[in-house]
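S.K.: Here is my input, please return the structure:
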Amino acid sequence: MLKVTPALLLLALLGLPGCDDPPEAQQQAGSVQAATAEARRAAEEQVRARLRIVGDMSLRAIQVYPQQVPGSYAVCGQINPTGAANDPFIPWVATVALQDGKASRASLAIGLSNVEASRVYLEMVDRCFEGGGPRNGQMPAVSGLPPLPSDTALAQQREAAQAPPAPTAAPSQPAPGAAPAPVPAPAPAPQVTAASGGVTTTSAHPVNIRSSPAGGGAVVRVVPRASALRVFGEAPGGWLQVGEEQPFGWLHSSMLER
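M.R.: Residues are numbered from 1 along each chain as shown. Model (predicted):
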């Protein structure tokens, strides 16, 4: 006959809470973990496809948030596209819809340009918390914020801000009978010729697109590595005007895949 000792009684009491865990709660916790893992996997695949990355990605601060719409998740994080220690991490937000435990739809906003960075900010404010996002699954209009400018407009604003102010002093008048001083001719603009065809940027790293050739233009866009672009024009020194349906700006031919 088994003798019940105080030690056996204590062990039995300690084991009771584990036996009381309902199977439904355990199953629900497992479903939540599986959905979170699937949303993160689908979001990271979107990032990989957008940047054409093969192999490991340099990611950090990845968070998955269930949204108001059932089966919808926001995945928020940062990525270093090149993986170099001195390059910055770029924020991104992906919205993933799950159906039967699998990703059925996913969209991505990643701050590769000025306009996209503004969209990422709006997405983070609206979605990167539990219960975020609109109830109907559509991006609502954000009040109190101005319209997002285009990359070209931002580049023009930067160039205007950096331009030296016009002189206000009146020019001195030449003495009577003296020949007027020669006016220096302005520096000639780069000769741009029309061109056509297609090019592919280097697969080593993303490439800057500038507002003008010769290397002095502002960066108006960053395209992912190995991007296929259309050529619209050519300038001396190996500069090409590239884009897709419309020109984006200029890049140097040394940034192309050989």
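
S.K.: Let me know the helix or strand that Glu116 is in.
M.R.: helix 114-127 (DSSP states H and E).

S.K.: Which strands or helices does that helix pack on?
M.R.: strand 72-80, strand 90-99, strand 102-110, helix 151-162 (3 or more C-beta pairs under 8 Å, 6 or more residues apart in numbering; DSSP states H and E). To be clear about C-beta, it is placed using only N, CA and C from the backbone, and glycine gets the same treatment.

S.K.: rerun at 7 Å
M.R.: strand 90-99, strand 102-110, helix 151-162 (3 or more C-beta pairs under 7 Å, 6 or more residues apart in numbering; DSSP states H and E).

S.K.: Show me where the protein has its helices.
M.R.: Ranges of helices in the chain, per DSSP state H, are 6-19, 23-51, 114-127, 151-162.

S.K.: Least confident of those helices, on average?
M.R.: Lowest mean pLDDT within those: helix 151-162, a mean of 50.

S.K.: ok, Met124 - how many residues close by?
M.R.: The number of residues packed near Met124 is 17, by other C-beta atoms under 10 Å.

S.K.: for the one 3 residues further on, same thing?
M.R.: Counted with other C-beta under 10 Å, residues neighbouring Arg127 total 24.

S.K.: Run through the bridge partners of the residue nearest to it when sequence neighbours are not counted.
M.R.: The shortest distance from Arg127 to any non-neighbouring residue, by C-beta to C-beta, 6 or more residues apart in numbering, is to Ala74 (3.8 Å). Ala74 forms beta bridges with Tyr65, Thr95, as assigned by DSSP bridges.

S.K.: quick one: Ala74 and Ala43, what's the gap?
M.R.: From Ala74 over to Ala43 the distance is 9 Å, taken as C-beta to C-beta, to the nearest Å.

S.K.: Also Pro91?
M.R.: 13 Å.

S.K.: Comparing these two, which residue is more hemmed in?
M.R.: Set side by side, Pro91 and Ala43 show more neighbours around Ala43, with 26 against 19, by other C-beta under 10 Å.

S.K.: which regions of the stretch 151-258 of the chain lie under the pLDDT threshold?
M.R.: Along the stretch 151-258 of the chain, the model assigns pLDDT under 70 to residues 151-190, 215.

S.K.: What about Ala228, how many residues nearby?
M.R.: 12.

S.K.: Could you tell me how many residues sit around the residue nearest to it when sequence neighbours are not counted?
M.R.: Counting by C-beta to C-beta, 6+ apart, Ala228 lies nearest to Thr200, which is 5.3 Å off, once chain neighbours are set aside. By the measure other C-beta under 10 Å, the count of residues near Thr200 is 13.

S.K.: Who are the contact partners of Thr200?
M.R.: Thr200 is in contact with Ala226, Ser227, Ala228, Leu256, Glu257, counting by C-beta atoms under 7 Å, 6 or more residues apart in numbering.

S.K.: From Ala218, how far off is Val242?
M.R.: The value you get for Val242 to Ala218, if C-beta to C-beta is used, is 16 Å.

S.K.: The two - which one has more neighbours?
M.R.: Using other C-beta under 10 Å, the more surrounded residue of Val242 and Ala218 is Val242, with 27 against 17.

S.K.: list the contacts for the more buried one?
M.R.: Val199, Leu229, Arg230, Val231, Phe232, Phe248, Leu251.

S.K.: Can you name the residues bridging to the last one?
M.R.: This points to Leu251. Beta-bridge partners, per DSSP bridges, of Leu251: Leu240.

S.K.: Just to check, it is in contact with Leu240?
M.R.: Yes: Leu251 is within contact range of Leu240, at 6.0 Å (criterion: C-beta atoms under 7 Å).

S.K.: Compare neighbour counts for these two and give me the winner.
M.R.: Each of Leu251 and Leu240 has its neighbours counted (other C-beta under 10 Å); Leu251 has more, 24 against 21.

S.K.: That's all I had, so thanks and see you.
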